[in-house]
Each structure stands twice: as C-alpha cells, then as structure tokens.
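Asks: A structural model of the following input is requested.
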Amino acid sequence: MSEAFDGAEGQPTEVGPTGVGAWREAFSGRSVLVTGHTGFKGSWLALWLDRLGARVTGLALDPPTRPSHFEAAAIGPLLVEDVRGDIRDTALVADVLARSAADVVFHLAAQPIVRESLTAPLDTFSVNVMGTASVLEAVRTSGRPCTVIAVTSDKCYRNDGQVWGFREIDPLGGHDPYSASKAGSELVVDAYRSSYFAVDRPDDHGVRLASVRAGNVIGGGDWADDRIVPDAVRALAAGDALVVRNPGSTRPWQHVLEPLSGYLTLAARMTTGGGSGQWEAAWNFGPITVDEASVAELATAVVAAWGDGTWVRSPGATTDVEAKTLRIAIDKAVSFLGWEPRWRFAEAVARTVAWYRSYYSVGAGSMRDHSLADIEAYEADLR
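Replies: Down below sits the predicted model:
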C-alpha cells in the first residue's frame, strides 16, 4: 500500500494558508483530543494547542519517563480533562471521544522505541497497530464529524538501503518489529479511510483522516532510553562520557516543533480548507537534505553546545537492526501544504541543549515558560 502522488485525481492543487493565523482559525475554541499527550511529542503538541486557543483533552498512560516534558512543563493543568488509560481499550477511547466532543483528533499514543520493540515485539505490535485501530473504530462508531491525524513514523517505509529520501508513494515495510508495526498502522489507516471514510464522499461520514510520518525529533524534555540526546544529557549532566552505539548512522534529525507545525498545518487545512479528498493522505515532515547528520555529528554538536564533556564509541559489537541511512523527502508538504522546516540543524541542537541546561539550572522547576518561549520563537520565524 502506498499513497498516490503522481498526478492522479485528488492530488492537492494549491497551497493553502499556513502559519499561526491559519492555526488559530482552525483550533481556537475547538475541542481537540490528543492521544499520547503525556509523551514527548504529545506534551509539546498539547501545550501548543492550548496556546492556539484549543480546548485540549488528553488520553494516555502515565508519563513514560521520570522526569518528563509533560510534568516539567506542567501540561496537566492546561487540559480540559487528563485521562489515563490504554488506547487499546476501545470502550474507554469511545467514552473519552464522546465526552470531549472532539472536532480534531491527534493520535500520537504509541510504543516509540526501536530497541524496546526487539525485547517486547508483541506489545509493540499491539499498541501501535491495534491501538490505531481502536482509535479509528471509536471515531467510526461515534458518528461524529472530525479531523483525524494519525502519527506514524518515517520508519514505516521498506528500507532496502537506498540513499535517496523516501516519498509517500514508496512501499511500506519493516525489518524490525517497530518499523513493521508502523507500516501496519499505516495499513490500518488506509483500510479505515477506504472502507469507512471515503475521501470522495465526505458528506456521508464527515471524517477526514490523514497519516503523518516524521523524522527523528530532538528537543527539550525527552528522557527516553536509547535515544541519543536524552542519553547525552544524562551522561553530560553526570560528568560522564556519552557512549554512542552507531556513530556512522544518518538520520533526519529535526526539532520537535518542526513536525508538530506540519501536523497543525495539515489539520488546519483539513478542518477549514475544504477540498475533495486532497489532504486525506500520507505526508512526510522532515529536514532539508543538507541538514541530515550522522549520529557522530549530532553527538559532537550536543557536546559542543553543552560546553564540556566528550563522547566515545561503544566498545561492544552492536546487534542493532536499524538501517544505517534513513532519509525522507518532503517535496509534497513543501509544494502543496506550503510547509517547510524553519530551524536548521545547529539551531535545533542549540535550543534543545539550552532547554536542558535551563532545566538543571532551575533545579527541576517548571519549564512551561521556557517551552512556550521556544514555541513563540518558532512562530516568529514563521512570519
């Protein structure tokens, strides 16, 4: 399965309004449900939506790490309702969806760690595939018109070692449980869209459904295991050397606000922009090609921004199954959504490290103001 982007009928034909004004028009006063709101990306998105005037309800398990951006930035008090539960519980999802009367659903809840998928493959498939089905089934049975953004991953593509960036029309696949589960999630999205939310008959159901695939995100407040920036921050804060497993691997690093701005732009177009199915498809959001960097380059940049410390290569043999090179093409989003990355690699790293430096300097105090300052700075660059 892949998304058509080859001149077929339904292809976007124009660039819609973008930026903060369009987002406020789309979200201010509207009810928005965010699954996975206690996670890294979800908590940043919930904060941004609140700033845009949305009434945000969250559904997720407890924050996956301690500390977490959700708690550090005090996201909970901003929410209309903060529901803790498993997205595989379809009855719970349906109840929360009904109580929130959601106009827009951002589905981010997932098992997001590749290495964890190797030790817990069944849980990874269950959460990422059946969890997505649970959310979409709740939307289907609710009968309520809404916009749905299903967040998957750039790792959903079948990666045979090619060096060019994946496009939305490329085949899905996965050589590890995480990647395969994200490809499976995309298949679920496509099945629901084809079977229940036909893009050429929006008046029959009122649901607009798209999937989004982003690169590797960095930013303040991520403390997950087996991610290079959180690993670096923990090591550098403790005065230890950062141990890097795969320094030669290349990834499409981007600040967390970059893909979130893409999600907001797409959801805004789907909610207010009309169209005959041209937005209900798969979309990539990543950095420009010249901003791709290896793990070694990212580790070096983080250490330099921190101001002291070092990194070393792991002495042990690796059994990682991740691809050495991963790139995604963003031509479709640039051409038809009018979206493009705003913060280059150096600024993304600098702002990420500054967030953590501030966190440790204030003694684990509230980081909401700092996070909002990053959002405000990003919004200013949009203008």
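
Asks: now do the buried residues in the top helix by length along the chain.
Replies: Scanning the chain for the longest helix, with DSSP state H as the assignment, gives helix 177-195. For helix 177-195, burial by neighbour count (16 or more other Cβ atoms under 10 Å) applies to 177-190, 192-193. In this view, the C-beta of every residue, glycine as well, is placed from N, C-alpha and C.

Asks: so which of those is the closest to residue 35?
Replies: Of all the buried residues of helix 177-195, residue 35 sits closest to residue 185, with 12.5 Å by Cβ to Cβ.

Asks: where does the closest one land on pLDDT?
Replies: With respect to pLDDT, residue 185 has a value of 98.

Asks: excluding its backbone neighbours, what's nearest it?
Replies: Of all residues not flanking residue 185 in the chain, residue 132 sits nearest, at 4.5 Å (Cβ to Cβ, 6 or more residues apart in numbering).

Asks: does anything pack onto the strand or helix carrying that neighbour? Which helices or strands?
Replies: Element membership of residue 132 [criterion: DSSP states H and E] is helix 131-142. Here helix 131-142 touches helix 90-100, strand 104-107, strand 146-151, helix 177-195, strand 207-214, going by 3 or more Cβ pairs under 8 Å, 6 or more residues apart in numbering; DSSP states H and E.

Asks: count of neighbours near residue 164?
Replies: 11 (other Cβ atoms under 10 Å).

Asks: isn't it right up against residue 327?
Replies: Yes. Counting by Cβ atoms under 8 Å, residue 164 touches residue 327, with 6.7 Å between them.

Asks: before we move on, back to that, adding distance to residue 334, write the helices and strands packed on helix 131-142 out as JSON lines.
Replies: Compiled in JSON lines, those are given as follows (distance: least, Cβ to Cβ, whole Å):
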{"stretch": "helix 90-100", "distance to residue 334": "33"}
{"stretch": "strand 104-107", "distance to residue 334": "22"}
{"stretch": "strand 146-151", "distance to residue 334": "18"}
{"stretch": "helix 177-195", "distance to residue 334": "21"}
{"stretch": "strand 207-214", "distance to residue 334": "14"}
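
Asks: which one of those lies closest to residue 140?
Replies: Residue 140 lies closest to helix 177-195 among those, at 6.8 Å (Cβ to Cβ).

Asks: now that closest one, how far from the chain's geometric center?
Replies: Centroid separation for helix 177-195 versus its chain: 16 Å, with Cα atoms, centre = their mean, to the nearest Å.

Asks: can you start the count at 446 instead of 1 from here on
Replies: Yes, from this point I'll number from 446; that puts the last item at helix 622-640.

Asks: OK, contacts around the closest residue in space to residue 475 that isn't next to it in sequence?
Replies: Nearest non-adjacent residue to residue 475, counting by Cβ to Cβ, 6+ apart: residue 548, 4.3 Å away. If a contact means Cβ atoms under 8 Å, 6 or more residues apart in numbering, then residue 548 has 475, 476, 477, 591, 592, 716 as its contacts.

Asks: what comes up buried for the helix holding residue 577?
Replies: Of all the residues in helix 576-587, those buried under the rule 16+ other Cβ under 10 Å are 576, 577, 578, 579, 580, 581, 582, 583, 584, 585, 587.

Asks: which SS class is the closest residue to residue 750 other than its chain neighbours?
Replies: Among residues not flanking residue 750 along the chain, residue 798 sits closest, at 3.9 Å (Cβ to Cβ, 6+ apart). At residue 798, secondary structure determined by DSSP: H, G, I helix; E, B strand; the rest coil is helix.

Asks: residue 798 contacts residue 751, doesn't it?
Replies: Yes. Using Cβ under 8 Å, residue 798 makes contact with residue 751 at a distance of 5.6 Å.

Asks: against residue 647, how distant is residue 708?
Replies: Separation of residue 708 from residue 647 (Cβ to Cβ, to the nearest Å): 20 Å.

Asks: those two: which has the busier surroundings?
Replies: Higher neighbour count among residue 708 and residue 647: residue 708, with 22 against 17, using other Cβ under 10 Å.

Asks: list the contacts of the more buried one.
Replies: For residue 708, the contacting residues are 490, 551, 594, 596, 657, 730, by Cβ under 8 Å, 6+ apart.

Asks: could you rerun that using 10 Å?
Replies: Residues counted as contacts of residue 708 (Cβ atoms under 10 Å, 6 or more residues apart in numbering) are 486, 490, 493, 551, 553, 594, 596, 655, 657, 659, 728, 730, 784.

Asks: before I go, just wanted to say thanks for your time.
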